[in-house]
Every structure is written in C-alpha cells, then in structure tokens.
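just coords:
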Ligand code: CP
Ligand code: NVA
C-alpha cells in the first residue's frame with residue numbers, strides 16, 4: 001500500500017508534503033476558492049463510529065466548497081454496525097465514491113479500509129491518532145509564528161492520547177521541540193514517543209509548570225477521550241493538577257498561545273480564564289480544520305481518477 005495516497009498518520013507524509021498542505025491551507029484561508037473545484041463530480045464518504053461536531057461539519061462544508069459532495073454515514077445506520085467487515089465495505093465504497101474519511105476506535109480499522117479499498121482514506125480520529133486536528137493546529141501556530149516552526153516549543157499538558165501522539169509525529173517531521181507533562185501511566189504511545197525523540201527534542205515531565213516553561217504553544221485535551229467514559233472517575237483522580245490555569249500559562253513565552261482541539265471542559269483540563277482569555281486561539285484553530293482539510297482533500301482527491 002502506498003501510504004502517501006492516504007492521510008492515515010502525519011508520520012506517513014514527508015516534511016515537504018506536509019508543508020505543501022499547510023501552504024495550500026493558508027491560500028485557502030485567504031481565498032476559499034483558491035483551489036477551484038477539484039472535487040467536481042466527486043463524493044467523499046464520511047464514516048463515523050464516534051460523535052463529532054467540528055470534523056463532520058468541516059469535512060462536509062470543505063468538500064462542498066471544493067465542488068464535491070459528502071455523505072454522512074453513521075455506523076449505527078450502515079452495515080459495519082451489524083458486523084459487515086471493513087474490508088468488504090472498503091471494496092464496495094470504492095465502486096461508488098472517490099474518498100473515505102473515517103472516525104473510529106481502532107487505527108487498524110482505518111488501515112484496513114486503505115488496504116482493501118482503491119480510493120484515498122483520511123483518518124478523522126482514532127484511539128491512537130488525530131492527524132487532521134494537528135494539521136489545523138500547525139496552521140494556527142504558523143498563523144502566529146510564521147511558516148517555520150522549527151525553532152519553536154510546544155507544551156502538551158495532560159493525557160498522552162491520540163492528539164498528543166499526532167503532535168509527536170508532527171514534531172518529528174517539522175523539527176520543533178515538544179515538552180509533555182503527563183501523569184504516570186498516561187504517557188503517549190511508546191513507539192511514537194521513541195521515534196519522535198530520535199528526530200527532535202522531546203522532554204517528558206510530570207509537572208505541568210515544568211513542561212510549559214518557555215513554550216510558544218501550550219495545549220491540552222480532555223482527561224477522558226471518547227470510548228473512555230467508564231474510566232472518567234478514575235481519570236479525574238489521576239489527572240488532578242493536570243490543568244492549564246493562569247499559573248501554567250505564566251511559565252510559557254510572553255507571546256505564547258493556547259490551543260485545545262475541543263470539546264473542552266472548563267474547570268477540568270483548562271481554566272475558563274485561559275480558554276476564554278487573550279492567549280487562546282481555539283476558535284481560529286477550529287476554523288483552520290476547514291482550510292487544512294480542504295488542502296488534504298484537494299491533494300488526495302483532486303487529481304483525475
Ligand atoms: N476536535 C474535534 O475533532 O472535534 P469534533 O470531535 O467535534 O469533531
Ligand atoms: N482526545 C479526544 C479528542 C476529541 C476531538 C477524543 O478522542 O475524544
């Protein structure tokens with residue numbers, strides 16, 4: 001399988017291809033029609049086995065703006081919910097549509113779709129990764145600090161989850177530093193952490209204030225991700241103190257920005273005064289989902305099929 005025909009993980013794309021996507025995202029932000037209608041006559045199937053606001057709406061609107069149409073397919077309604085293998089779904093959808101975006105639990109399911117289908121597959125979040133989110137986050141950081149992020153530092157506070165893993169992949173590709181503060185037992189994926197540590201400077205702390213020291217981007221996410229609802233009480237105990245408050249932000253660079261993929265829980269992983277305060281760029285970050293995903297759609301599905 002040629003992984004560059006898909007967007008399964010940031011780790012699959014070269015730094016040049018990631019920068020090409022981010023540059024196109026910037027052009028699309030300045031002019032929504034900058035790419036023309038490369039998806040004219042084409043259809044994106046969007047499979048969701050988890051909830052979504054931003055991913056669903058931004059992909060649907062983005063596909064429309066590029067001249068195509070998007071189909072929302074809830075796993076509650078299509079046959080994968082009744083056990084039809086993903087490999088068969090991939091083969092069938094490949095006869096009807098021109099690309100698939102999927103949000104689900106197992107990364108292996110996303111890989112199976114790509115393996116057995118003949119059309120591009122985009123990872124709209126798994127338990128392991130959230131690459132589309134990080135493209136929007138990178139666009140937001142570049143909006144603030146310019147296109148070269150290599151001299152910058154990102155601080156991740158909290159769960160070593162899918163979003164943290166994709167930040168690690170991005171740091172490895174683009175060469176910025178990553179400082180993480182995770183409670184013991186909630187570190188990022190060890191393989192992704194080790195690979196990023198070989199490519200760039202990655203430091204793992206236990207105290208949020210230490211990780212935030214000198215950072216240009218301070219970011220966090222919920223304590224319990226989708227699918228972890230039953231662990232919520234146990235996680236609330238483990239993550240006590242893993243909170244981005246004014247004290248944590250004060251340790252960051254003077255021009256630091258705060259990012260959060262959303263949805264957020266004010267008073268848990270982030271203080272209202274931070275997410276609603278002057279350093280917060282979370283609404284720009286959410287908007288950038290649209291521009292950065294349009295770039296990915298145009299690059300993967302825009303070429304003649
Ligand atoms: N950040 C993000 O992916 O949001 P949704 O879960 O609303 O899609
Ligand atoms: N880590 C969160 C991100 C939601 C966009 C989750 O997986 O639920």
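Cool, got the structure. Bear in mind that the values here come from a model prediction, so they are computed numbers and not experimental data. Ligands and ions are numbered 1, 2, ... in the order given.

going forward, measure contacts between C-alpha atoms and count neighbours the same way
Fine.

My read is that residue 27 contacts residue 21, right?
No: contact criterion CA atoms under 8 Å: residue 27 and residue 21 do not qualify, at 9.9 Å.

Name the residue in these two with the higher neighbour count.
Neighbour count, other CA atoms under 10 Å: between residue 27 and residue 21, residue 21 has more, with 23 against 17.

pLDDT score for residue 86?
With respect to pLDDT, residue 86 has a value of 93.

Repeat that for residue 128.
Residue 128 carries a pLDDT value of 99.

Any idea which residue of the stretch 151-300 of the chain lies closest to ligand 1?
Closest contact between the stretch 151-300 of the chain and ligand 1, by CA to the nearest ligand atom, is at residue 261 (4.2 Å).

how near is that residue to residue 68?
26 Å (CA to CA, to the nearest Å).

what does this structure put close to ligand 1?
Taking CA under 6 Å from any ligand atom as the contact definition, the chain meets ligand 1 at 52, 53, 54, 55, 56, 261, 262.

Recalculate using a threshold of 5 Å.
For the chain, the residues found near ligand 1 under the criterion CA under 5 Å from any ligand atom are 52, 53, 54, 55, 261, 262.

Test my guess that the third one contacts residue 286.
Pointing back at residue 54 there. Yes: at 7.0 Å, residue 54 counts as touching residue 286 under the criterion of CA under 8 Å.

neighbour count winner among those two?
residue 286 (21 against 17).

Same question for the helix or strand containing the more buried one: list its buried residues.
According to DSSP states H and E, residue 286 maps onto helix 282-301. Neighbour-count burial for helix 282-301, counted by 16 or more other CA atoms under 10 Å, picks out 282, 285-286, 288-301.

Could you identify the buried members of the residues of the chain next to ligand 1?
For these, a burial check counting by 16+ other CA under 10 Å picks out 54, 55, 261, 262.

Need the pLDDT of the most centrally placed residue in the chain.
Nearest to the geometric centre of the chain sits residue 133, at 2.2 Å (CA atoms, centre = their mean). Model confidence at residue 133, given as pLDDT, is 99.

Ramachandran angles for it?
For residue 133, the backbone dihedrals (degrees, to the nearest 10) come out as phi -60, psi -40.

all strands of the stretch 151-300 of the chain, in order?
153-157, 177-181, 202-205, 217-220, 257-260 (DSSP state E, counting those that start in this stretch).

Residues of the chain that sit close to ligand 2?
Applying CA under 5 Å from any ligand atom, one finds that the chain approaches ligand 2 through 225, 226.

ok and the residue in the stretch 101-250 of the chain nearest ligand 1?
Relative to ligand 1, the nearest point of the stretch 101-250 of the chain is residue 133 (6.2 Å; CA to the nearest ligand atom).

distance of that residue from residue 298?
Residue 133 is 17 Å from residue 298, by CA to CA.

Please apply the same query to residue 162.
Distance from residue 162 to residue 298, counting by CA to CA: 25 Å.

got it, and residue 246?
The value you get for residue 246 to residue 298, if CA to CA is used, is 40 Å.

Check residue 96 too.
19 Å.

show me the contacts for residue 289.
Counting by CA atoms under 8 Å, 6 or more residues apart in numbering, residue 289 makes contact with 54, 55, 58, 132, 133, 135, 136.

Let me have the residues you listed in JSON lines, adding secondary structure as columns.
JSON lines is the format used below for these (DSSP: H, G, I helix; E, B strand; the rest coil):
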{"residue": "54", "secondary structure": "helix"}
{"residue": "55", "secondary structure": "helix"}
{"residue": "58", "secondary structure": "helix"}
{"residue": "132", "secondary structure": "helix"}
{"residue": "133", "secondary structure": "helix"}
{"residue": "135", "secondary structure": "helix"}
{"residue": "136", "secondary structure": "helix"}
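
of these, closest to residue 102?
residue 55 (10.0 Å; CA to CA).

Show me where this protein has its helices.
Per DSSP state H, the chain carries helices over the ranges 15-30, 54-65, 86-96, 107-116, 131-145, 162-174, 190-199, 208-212, 232-238, 246-250, 272-275, 282-301.

Turn these into JSON lines, columns for distance to residue 180.
Listed next are those as JSON lines, based on distance: least, CA to CA, whole Å:
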{"stretch": "helix 15-30", "distance to residue 180": "22"}
{"stretch": "helix 54-65", "distance to residue 180": "25"}
{"stretch": "helix 86-96", "distance to residue 180": "35"}
{"stretch": "helix 107-116", "distance to residue 180": "23"}
{"stretch": "helix 131-145", "distance to residue 180": "16"}
{"stretch": "helix 162-174", "distance to residue 180": "9"}
{"stretch": "helix 190-199", "distance to residue 180": "10"}
{"stretch": "helix 208-212", "distance to residue 180": "6"}
{"stretch": "helix 232-238", "distance to residue 180": "16"}
{"stretch": "helix 246-250", "distance to residue 180": "13"}
{"stretch": "helix 272-275", "distance to residue 180": "18"}
{"stretch": "helix 282-301", "distance to residue 180": "19"}
